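>>> when you get a sec, could you give me coordinates for this:
(one chain, ligands or ions: 4)
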Amino acid sequence: MTIRAKGRRATRRIETHWRRGLGAGLLVVGSSSSCMIHYERVTEEEAFPAGSTVVATGTSTDAGFPGTDSELDAGVDAGPNDDSGTRDAAAIDCAPATYLADASCGVGYCRTTNQPSSCLRGVETACLPGAPLGPSDVTCDGVDDDCDGLSDEDHVSTATACGVGACAATGVLACQAGSEVDSCVPGAPLANDTVASGVGIDDDCDGVADEDEPCDTTPRTFTPGSYTSITVPLNCTQVSVRLWGGAGAGGELEGVLFQPGGLGGAGGHAESTLTLVSSQQLDLLVGAGAAASCNAAGSSALPGFGGGSGGTGIGADAEDGLQSGGGTGATPGSASRGGNGYRGGGGGGAGSPVIGLSGRGGGGGAASAFFVAGTPVVLAGGGGGGGGAASLILGLLGVAGGNGGVGCGGSGATADANGGGGGGGGACLGTLTRAGTNAVPFDAASLPANQARGGQSSCFAGGGGYAIVTFAP
Ligand SMILES: [Ca+2]
Ligand SMILES: [Ca+2]
Ligand SMILES: [Ca+2]
Ligand SMILES: [Ca+2]
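Ligands and ions are numbered 1, 2, ... in the order given. Purely as a prediction, here's the structure:
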C-alpha cells in the first residue's frame with residue numbers, strides 16, 4: 001500500500017503507526033519519504049520465502065522474526081555470511097553502496113536463469129527463479145532442464161554395436177556426467193584367420209573370413225556315374241581338371257570259330273587349368289562305361305552325355321552318342337554302321353551275315369564333363385562301341401567287327417562287308433585333349449585298373465570315366 005501524506009508531519013505520524021505495527025508483531029515491509037509511505041503487510045512466508053534472504057531493519061526482535069537468522073533476531077551484524085550463509089545484515093539493508101543481490105533462488109536451469117533480488121527505492125524485490133527448459137530432462141548436457149535437482153535423469157539409453165567378425169560386441173549409449181558414453185568394447189582380434197575356430201568366422205576382424213586358411217591342394221577323384229557340385233576350397237583361385245570319358249564295350253564275337261567283335265574305344269581324355277571367379281557354380285559329371293550286355297550304352301546323369309547303344313540283330317545300325325559331332329562310325333558295305341559319337345561314344349554296328357550268325361555291337365561310353373556356371377568347359381568324350389562280328393556258312397567263315405573309335409573324335413574302324421562297324425568316339429573340349437589307343441586310355445597309369453579302358457573282347461564292358469580335380473592358390 002502506498003500512502004500519500006500531507007507534509008512531513010503527517011508522514012511521521014503514519015510512520016509511528018507503522019512502527020507500532022512492527023512492535024505488535026506484524027510483519028510489515030516498506031519505506032517512506034517526506035510525503036509518501038509505502039508499506040505492505042505480509043505473512044512470514046511472503047516476507048521470507050524459502051531460499052531467499054530477509055531484509056533487516058535493524059530493529060526487529062525475536063518475536064517479530066522467528067526465523068533462524070540470528071543477526072536479524074539480535075539486531076546486530078555478526079559479520080559477513082556468519083549465519084544465513086548468504087548475506088549479512090549490512091549487505092541487505094537496501095543501501096545501494098552495500099546491497100548484495102540474492103541470486104540463490106531456483107534449482108538447476110531455473111537457478112542459472114533466475115532474476116536476482118534487487119533494491120529499488122529502498123524496496124527489495126525477491127529473487128525470481130527462471131522457467132524450466134522443459135517438462136522433462138532428456139538432454140544429456142549436464143543441465144537440469146526441469147529444475148528438479150537432478151541432471152539429465154530422463155535421458156534414454158540406447159543399444160549399440162561395435163566391432164566386426166569375431167570382435168563384434170554390443171553395448172549401451174548412456175549419459176554420464178553430461179556426456180553420452182558408449183560402453184561397447186570390441187573383442188580382441190586373433191593374429192591369424194583360419195578355420196581353426198570354425199568355418200566362416202572372421203577371427204582377425206578385418207571383414208573377411210578365413211583368409212589365412214591355406215588352399216587345400218589335395219587332388220580329388222570321382223567315380224563313374226557321379227554328378228556332383230564342387231565347392232571351391234577356401235583361398236583357392238585355380239583348378240586343374242583332368243577328365244576321362246567312359247569307354248565303349250567290345251562288339252560281340254560270333255561263329256563256331258569265334259570271330260571276334262571289335263574292341264571298344266577308350267574313353268577320351270581332356271584337361272584344363274581354369275582361373276576361378278568367386279561364387280561360380282562348379283559341377284562335375286563322370287560318365288559310365290558301356291555295360292557288358294554288349295548293346296547297352298554307357299549311361300549318364302545328364303541328357304546329352306550318354307553313349308549310343310550298339311546295333312542288335314542282323315545288320316542293325318548302332319545308335320549315335322545322341323548326335324553327330326564326334327568321330328564317325330564306320331559304315332561297312334552291307335553290314336550295319338556304327339553310330340556317330342557326340343559327347344558320348346557311338347555304339348558299334350551289328351554284323352550282317354549272308355548265311356550264318358550276327359554279333360551285336362558294343363555300346364558307347366558316356367562322356368565326362370566339368371561345368372562352370374552350367375556350361376561344360378572341360379569335356380572328355382566317351383569311346384565308341386566295337387562292331388559285332390559276323391560268321392558265314394554255318395559259322396565256319398566269318399569276319400570280325402570294327403573297333404570303336406576312341407574318345408575325342410576317334411573314328412570307328414570299318415569292318416569288311418559283313419562285319420559291324422565300330423562306333424565313333426565322342427568329342428572333347430579343353431585346353432588339351434588327348435586320345436588313347438583303341439582299348440587303352442591316355443595316361444592309363446593315372447587311372448584305377450581298367451578305368452576308361454575300352455572293352456577288349458566280346459561284350460566286355462567299357463571302363464567308366466574318371467576325374468581328378470586339383471585346386472591351387
Ligand atoms: Ca532434471
Ligand atoms: Ca539435461
Ligand atoms: Ca579375417
Ligand atoms: Ca576364421
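>>> look up how far ligand 1 lies from Gly454.
93 Å (CB to the ion, to the nearest Å). In short, each C-beta sits where N, CA and C put it, glycine included.
>>> so that residue, which state does it fall into?
Using DSSP: H, G, I helix; E, B strand; the rest coil, the structure places Gly454 in coil.
>>> and it, how far is that from Ala367?
14 Å (CB to CB, to the nearest Å).
>>> also Arg242?
Relative to Ala367, Arg242 is positioned 14 Å away (CB to CB).
>>> so for the two, which residue has more residues nearby?
Ala367 (43 against 26; other CB atoms under 10 Å).
>>> tell me who's in contact with the nearest residue to that one once chain neighbours are set aside.
What sits nearest to Ala367 in space, not counting adjacent residues and going by CB to CB, 6 or more residues apart in numbering, is Arg343, at 3.8 Å. Going by CB atoms under 8 Å, 6 or more residues apart in numbering, Arg343 touches 304-305, 321-322, 325-326, 366-367, 369, 379, 381-382, 426-427.
>>> tell me which of these has the lowest pLDDT.
The member of the contacts of Arg343 with the lowest pLDDT is Gly325, at 63.
>>> ok and the residue in this protein nearest ligand 1?
Here the chain gets closest to ligand 1 at one residue, Asp137, 3.3 Å apart by CB to the ion.
>>> out of the contacts of Arg343, which are buried?
For the contacts of Arg343, a burial check counting by 16 or more other CB atoms under 10 Å picks out 305, 321-322, 325-326, 366-367, 369, 379, 381-382, 426-427.
>>> who's in contact with Glu252?
Glu252 neighbours (CB under 8 Å, 6+ apart): 261, 294, 351, 359-362, 388-389, 401, 458-459.
>>> nearest to ligand 2, of these?
For these, the nearest to ligand 2 is Gly362 (92.4 Å; CB to the ion).
>>> ok, that closest one touching Leu253?
No - the pair Gly362 / Leu253 is not scored as a contact, 11.0 Å apart, by CB atoms under 8 Å.
>>> these two: who's more crowded?
Counted by other CB under 10 Å, Gly362 and Leu253 do not tie: Gly362 has more neighbours, with 54 against 26.
>>> distance of the more buried one relative to Arg453?
13 Å.
>>> the stretch 351-473 of the chain: strands as residue ranges?
Along the stretch 351-473 of the chain, counting by DSSP state E, counting those that start in this stretch, strands occupy 356-358, 368-372, 375-380, 390-392, 397-399, 432-434, 466-472.
>>> picking up where we left off before, nearest to Leu133 among the contacts of Arg343?
Ala369 (76.2 Å; CB to CB).
>>> how about the contacts made by the closest one?
243, 284-285, 287, 302, 305, 343, 376, 378-380.
>>> Asp283 is in what secondary structure piece?
strand 282-285 (DSSP states H and E).
>>> around ligand 4, pick out the residues from this protein.
193, 201, 203, 210 (CB under 5 Å from the ion).
>>> domains for the chain, by residue range?
Using automatic domain parsing, the domain ranges for the chain come out as 2-125, 214-473.
>>> list the contacts for Cys294?
Counting by CB under 8 Å, 6+ apart, the residues that Cys294 touches are 249-252, 310, 360-363, 458-459.
>>> looking at the residues you listed, which has the most residues close by?
Gly362 (54 neighbours).
>>> CA atoms only: put stretch 134-149 into PDB for me.
Provided in PDB are the C-alpha atoms of stretch 134-149 (Å, rounded to 0.1, in the frame of the first residue of the first chain):
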ATOM      1  CA  GLY A 134      11.000 -28.300 -20.400                       C
ATOM      2  CA  PRO A 135       8.800 -30.600 -18.600                       C
ATOM      3  CA  SER A 136      11.400 -33.400 -18.600                       C
ATOM      4  CA  ASP A 137      15.200 -33.700 -18.800                       C
ATOM      5  CA  VAL A 138      16.100 -35.900 -21.700                       C
ATOM      6  CA  THR A 139      19.100 -33.900 -22.900                       C
ATOM      7  CA  CYS A 140      22.500 -35.300 -21.900                       C
ATOM      8  CA  ASP A 141      24.300 -32.000 -21.300                       C
ATOM      9  CA  GLY A 142      24.700 -31.800 -17.500                       C
ATOM     10  CA  VAL A 143      21.900 -29.200 -17.300                       C
ATOM     11  CA  ASP A 144      18.900 -29.800 -15.000                       C
ATOM     12  CA  ASP A 145      16.400 -28.800 -17.600                       C
ATOM     13  CA  ASP A 146      13.300 -29.400 -15.500                       C
ATOM     14  CA  CYS A 147      14.700 -27.900 -12.300                       C
ATOM     15  CA  ASP A 148      14.100 -31.000 -10.100                       C
ATOM     16  CA  GLY A 149      17.600 -31.100  -8.700                       C
END
